[in-house]
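Visitor: Build me a model:
(2 chains)
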Amino acid sequence: MATLSLQHIDKIYDNNVQAVFDFNLDVKDGELIVLVGPSGCGKSTTLRMVAGLEDISNGKLLLDGKDITQTPAKDRDMAMVFQNYALYGHMTVYENMAFSLTLRKEDPNVIHKKVLAAAEILNLTTQLNKKPSQLSGGQRQRVAMGRAIVRTPKVFLFDEPLSNLDAKLRGSTRREILLLHKRLKATMLYVTHDQTEALTLADRIVCMSMGHVQQIGTPLELYDTPANLFVAGFIGLPPMNFLDVTVKGDRLEGEGFSVPLSDKEKSTLASYNGKEIVLGVRPENVVIGNDVPVKVFSNENLGMNTLVHGNIMVGGKKGMKLTGKLKGWCDYKMNDEIKVSFDRMHFFDKETTNAIREGK
Amino acid sequence: MKDQDKATRVDRMRYIKNKFSSNLCLLAILFDVFYFVCIYKSDVSTYYYTIMIGASIVYNLVFMLAAFLSSEGVKTYSEKYCYVLIFLGVMQFVRIFIIPLRASTAVVTVAKVEQVVMGSGQFAKCVVYLCISGVCCLLAAGVGIVRSRTLKAYLATLGEEVRRD
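Guide: Okay, here's the model as predicted:
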């Protein structure tokens, strides 16, 4: 397999619209990197630049240390799996998988062995004589993956491969991709807007917004220590609650509530005393307590947990919204008043939107 | 060829259609069309307006239909279509003796002038087209029979049947 290095890559279209700004990433051998972000953030454009389907405006792309910035797509030894499968409808599964090798005029017997091996990995052996129209969405996507596997490319590129599948199939195909990665130990670049896919598949996640890289890190790093408000809000479901608060000594004062700070939190926020910051609380960090009065407006039971949506009470009036993911089965009615506390808090600078960390 | 390569080649037939035979059938149809176009090249009054040419036209349509269906049949390693192709191939050779040979020796009088119905060049072309068409059919059938039997024997060892899609 291979290492991939993206150095200061920009994408500027002919109409001067810049889609990607100074993208830097080093992908290690056998690593699965997931590019995640909302629609239009430049993740697919980045992938297409890596594949050679889009020109790189500025910067360098290195594959195994070799500069391939200007190398045509066909010579890059990368295989791409598309969202819409891009299978040939008139060909059987076998022919679809063998097609790229046939074009390269490889020995038919070698092609046959490679196709059968790929079909075995993807559990498609019994489907080889079928046409794509006779297959389910998940099977079609596996054929598309098989077509990539038979080429034994240096890098696999996935462009939202699960977006066309229903939720159940998406889950099973996601697990198959993960198994495939473990089995092939291949270098993979995977684009998705689905944070669940990103968190479950990635060795490292690149979170993007508006063409800029917001944070690169392991799934846990992005979840646990988000670099800024965007990452904090994007990673995690339901999204993180953001509350405007003022640091006052050993407490955080918000509209209608006040929460105590631990010694560690106090030292982290030492330079912000008296200033306004943004307090971030994940719904799963909201627990029944005594600090924040909340008026419930919705109660969603999920089985193991209950999603409780409410407004923080400000002198009898409704204030900021707050969502809590409480453990167990709760049966709160609309306008019930409860009190909650936060067992983990994230702090963000209100001006820069960056996370406030100790020593920074 | 190594035994392993042979085995792989046979195994490939489970997934690869018999395009060679199928394409030969289509080639046979193409040369049949050339033959029929060629036969009308000369303007020799009413020589061709007989029951024979009517039958020939009908047979030509039947040939094209049967050859096309057979091309689809042999593509999926069906042995019975190979026998249809053998018949069609033999008939192409027989056809040489029905119209081209007769026309090549016939003379008609048009405006008190004797004219040869089919010149030797045109006759040669008709014969070549029919021969190529016939050979294509027979070759397609031969290859089809060998392959379908090989595949059938191989699948029998695997406990499967020849596909019919």
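
Visitor: just the strands in the stretch 101-250 of chain A please.
Guide: Using DSSP state E, counting those that start in this stretch, the strands of the stretch 101-250 of chain A run over A:155-159, A:187-192, A:204-209, A:212-217, A:241-248.

Visitor: In chain B, which residue sits closest to chain A?
Guide: Nearest to chain A, among the residues of chain B, is B:Tyr15, at 3.9 Å (C-beta to the nearest C-beta). (C-beta placed from N, C-alpha, C; glycine too.)

Visitor: and that residue, that one's in a strand?
Guide: No - read with DSSP: H, G, I helix; E, B strand; the rest coil, B:Tyr15 is coil and lies in no strand.

Visitor: can I assume it is in contact with A:Tyr94?
Guide: Yes - look at B:Tyr15 against A:Tyr94 with C-beta atoms under 8 Å: they come within range, at 3.9 Å.

Visitor: out of these two, which sits in the busier spot?
Guide: The residue with more neighbours, out of B:Tyr15 and A:Tyr94, is A:Tyr94; 24 against 19, by other C-beta atoms under 10 Å in any protein chain shown.

Visitor: CA atoms only for whatever helix or strand that one lives in, dumped as PDB, please.
Guide: Applying DSSP states H and E as the criterion places A:Tyr94 in helix A:93-103. C-alpha atoms of helix A:93-103 as PDB (Å, rounded to 0.1, in the frame of the first residue of the first chain):
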ATOM      1  CA  VAL A  93     -21.300  -8.400 -12.000                       C
ATOM      2  CA  TYR A  94     -18.300 -10.500 -13.100                       C
ATOM      3  CA  GLU A  95     -17.800  -8.300 -16.200                       C
ATOM      4  CA  ASN A  96     -18.100  -5.100 -14.200                       C
ATOM      5  CA  MET A  97     -15.500  -6.200 -11.800                       C
ATOM      6  CA  ALA A  98     -13.200  -7.500 -14.600                       C
ATOM      7  CA  PHE A  99     -13.700  -4.500 -16.800                       C
ATOM      8  CA  SER A 100     -10.800  -2.300 -15.600                       C
ATOM      9  CA  LEU A 101      -8.300  -5.200 -15.900                       C
ATOM     10  CA  THR A 102      -9.600  -6.200 -19.300                       C
ATOM     11  CA  LEU A 103      -8.900  -2.600 -20.500                       C
END
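
Visitor: joint contacts of B:Tyr15 and A:Tyr94?
Guide: A:Val115, A:Leu128, A:Asn129 (C-beta atoms under 8 Å, 6 or more residues apart in numbering or on different chains).

Visitor: Considering the residues you listed, which possesses the most neighbours?
Guide: Busiest of the shared contacts of B:Tyr15 and A:Tyr94 [other C-beta under 10 Å] is A:Val115, holding 26 neighbours.

Visitor: Name the residues of chain B found near chain A, please.
Guide: B:Asp5, B:Thr8, B:Arg9, B:Asp11, B:Arg12, B:Arg14, B:Tyr15, B:Ile16, B:Arg163, B:Asp165 (C-beta under 8 Å from any C-beta of the partner chain).

Visitor: What sits closest to the fourth one if chain neighbours are left out?
Guide: Read it as B:Asp11. Nearest non-adjacent residue to B:Asp11, counting by C-beta to C-beta, 6 or more residues apart in numbering or on different chains: A:His112, 6.7 Å away.

Visitor: Surely that neighbour and B:Val10 touch.
Guide: No - using C-beta under 8 Å, A:His112 makes no contact with B:Val10, being 10.4 Å away.

Visitor: And the longest helix along chain B, how far out from the chain middle?
Guide: Taking DSSP state H as the criterion, chain B has its longest helix at helix B:120-158. Its chain's average C-alpha position is 8 Å from that of helix B:120-158, according to C-alpha atoms, centre = their mean, to the nearest Å.

Visitor: Report the buried residues of it.
Guide: B:122-123, B:125-127, B:129-130, B:132-145, B:147-148, B:151, B:154-155 (16 or more other C-beta atoms under 10 Å in any protein chain shown).

Visitor: so where's chain B shaky on pLDDT?
Guide: For chain B, the stretches with pLDDT under 70 are B:1, B:42-46, B:160-165.

Visitor: same question but for chain A, I mixed them up
Guide: In chain A (pLDDT under 70), the answer is A:1, A:359-360.

Visitor: Name the residue of it that lies nearest to chain B.
Guide: A:Tyr94 (3.9 Å).

Visitor: can you pull the contacts of that residue?
Guide: A:Val115, A:Ala119, A:Leu128, A:Asn129, B:Tyr15, B:Ile16.

Visitor: Quick one: those residues as CSV, columns for distance to A:Thr200 too.
Guide: Conversion of these to CSV gives the following (distance: C-beta to C-beta, whole Å):
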residue, distance to A:Thr200
A:Val115, 29
A:Ala119, 25
A:Leu128, 29
A:Asn129, 33
B:Tyr15, 34
B:Ile16, 38
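
Visitor: Nearest to A:Thr102, out of the strands of the stretch 101-250 of chain A?
Guide: strand A:155-159 (20.4 Å; C-beta to C-beta).

Visitor: Show me which residues of the stretch 101-250 of chain A are close to chain B?
Guide: A:Pro108, A:Asn109, A:His112, A:Lys113, A:Val115, A:Leu128, A:Asn129.

Visitor: Show me what the biggest strand by length in chain A pairs with in its sheet, parallel or antiparallel.
Guide: Looking across chain A with DSSP state E, the single longest strand is strand A:286-301. When pairing is defined by DSSP bridges, strand A:286-301 lines up against strand A:305-314 (antiparallel), strand A:337-342 (antiparallel).

Visitor: So what touches it?
Guide: Contacts for strand A:286-301 (C-beta under 8 Å, 6+ apart): A:241, A:256-260, A:306-313, A:318, A:322-326, A:329-343.

Visitor: List buried residues within those.
Guide: A:241, A:256-257, A:259, A:306-313, A:322-326, A:330, A:332, A:338, A:340-342.

Visitor: from memory B:Lys125 sits against B:Ile39, does it?
Guide: No - taking contacts as C-beta under 8 Å, B:Lys125 lies outside contact range of B:Ile39: 9.3 Å.

Visitor: shared neighbours of the two, anything?
Guide: By C-beta under 8 Å, 6+ apart, no residue touches both B:Lys125 and B:Ile39.

Visitor: Put the alpha carbons of stretch A:244-257 into PDB.
Guide: Extracted C-alpha coordinates of stretch A:244-257, given in PDB (Å, rounded to 0.1, in the frame of the first residue of the first chain):
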ATOM      1  CA  ASP A 244     -23.800  32.000  26.500                       C
ATOM      2  CA  VAL A 245     -22.200  32.400  30.000                       C
ATOM      3  CA  THR A 246     -20.000  34.800  31.900                       C
ATOM      4  CA  VAL A 247     -17.100  33.500  34.000                       C
ATOM      5  CA  LYS A 248     -17.500  34.900  37.500                       C
ATOM      6  CA  GLY A 249     -14.800  33.500  39.800                       C
ATOM      7  CA  ASP A 250     -15.500  29.900  40.500                       C
ATOM      8  CA  ARG A 251     -18.900  29.900  38.800                       C
ATOM      9  CA  LEU A 252     -20.300  30.300  35.300                       C
ATOM     10  CA  GLU A 253     -23.300  32.600  35.200                       C
ATOM     11  CA  GLY A 254     -25.800  32.300  32.400                       C
ATOM     12  CA  GLU A 255     -29.400  33.600  31.900                       C
ATOM     13  CA  GLY A 256     -31.400  31.900  34.700                       C
ATOM     14  CA  PHE A 257     -28.700  29.600  35.900                       C
END
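
Visitor: For that stretch, give me every contacting residue.
Guide: With C-beta under 8 Å, 6+ apart as the criterion, stretch A:244-257 contacts A:243, A:258-261, A:266, A:269, A:272-279, A:291-293, A:312-315, A:319-320, A:345, A:350.

Visitor: Looking at those, which are in helices?
Guide: Per DSSP H, the subset of the contacts of stretch A:244-257 in helices is A:Lys266.
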